[in-house]
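A.B. asks: with the sequence up front, the predicted model follows.
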Amino acid sequence: QVQLVESGGGLVQAGGSLRLSCTASGSIFSINAMAWHRQAPGKQRELVAAIRSGGSTNYVDSVKGRFTISRDNAKNTVYLQMNSLKPEDTAVYYCNADLVVLPGYRYLAVWGQGTLVTVSS
């Protein structure tokens, strides 16, 4: 059973910071890309940031310069450091990983359960 467990969400005032963590566990052979997505009330889920196995990253324009995605391959963990938070960043944040799992070296996309980030004005 492969799963992603997220942590770090909460309530913060505008201008504040939060760091989200997401750890993958189970019969994992390797992890390719890991990413954070978010879904605000009444809106579609959007990709916030992604990081590939080689370390290259990409961000949605609205968070560039404020959010930083990073990963610790030894811990199978991806982080999202969120600074200068705005009320419009309020959403449920979901972690996603593209994995190769055992047995069979199968490709698998896995999602976390989501963590709520609320930014008050």
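C.D. replies: Arrived safely. Worth saying up front: this structure is predicted, and the values here are computed from it rather than measured. Numbers count the residues shown, from 1 in each chain.
A.B. asks: so where's the chain uncertain?
C.D. replies: Within the chain, not a single segment meets pLDDT under 70.
A.B. asks: hey, what's the residue most central in space within it bridged with?
C.D. replies: Within the chain, the residue whose C-alpha comes closest to the C-alpha centroid is Trp36; the distance, by CA atoms, centre = their mean, is 2.8 Å. In this structure, Trp36 bridges to Ala49, Cys95 when assessed by DSSP bridges.
A.B. asks: start at 48 instead
C.D. replies: All set: I'll call the first residue 48, so the last point we hit is now Trp83.
A.B. asks: I'd say it and Ala144 touch.
C.D. replies: No: contact criterion CB atoms under 8 Å: Trp83 and Ala144 do not qualify, at 10.5 Å. No exception for glycine: its C-beta is placed from N, CA and C like everyone else's.
A.B. asks: for the residue nearest to the centre of the chain, which residues are in contact?
C.D. replies: Trp83 makes contact with 67, 69, 94-97, 116, 125, 127, 140-143 under the criterion CB atoms under 8 Å, 6 or more residues apart in numbering.
A.B. asks: can you tell me the helix or strand for Leu58?
C.D. replies: Here Leu58 is covered by strand 57-60, with elements defined by DSSP states H and E.
A.B. asks: what's in contact with that strand?
C.D. replies: Contacts to strand 57-60, defined as CB under 8 Å, 6+ apart, come from residues 65, 132, 163-167.
A.B. asks: are we agreed that Pro88 is in a strand?
C.D. replies: No: when the secondary structure is assigned by DSSP: H, G, I helix; E, B strand; the rest coil, Pro88 falls in coil instead of a strand.
A.B. asks: what is the neighbour count of the residue lying closest to Ser131 once chain neighbours are set aside?
C.D. replies: Nearest residue to Ser131 in three dimensions, chain neighbours excluded: Arg113, at 4.7 Å (CB to CB, 6 or more residues apart in numbering). Around Arg113 sit 15 other residues, with neighbours defined as other CB atoms under 10 Å.
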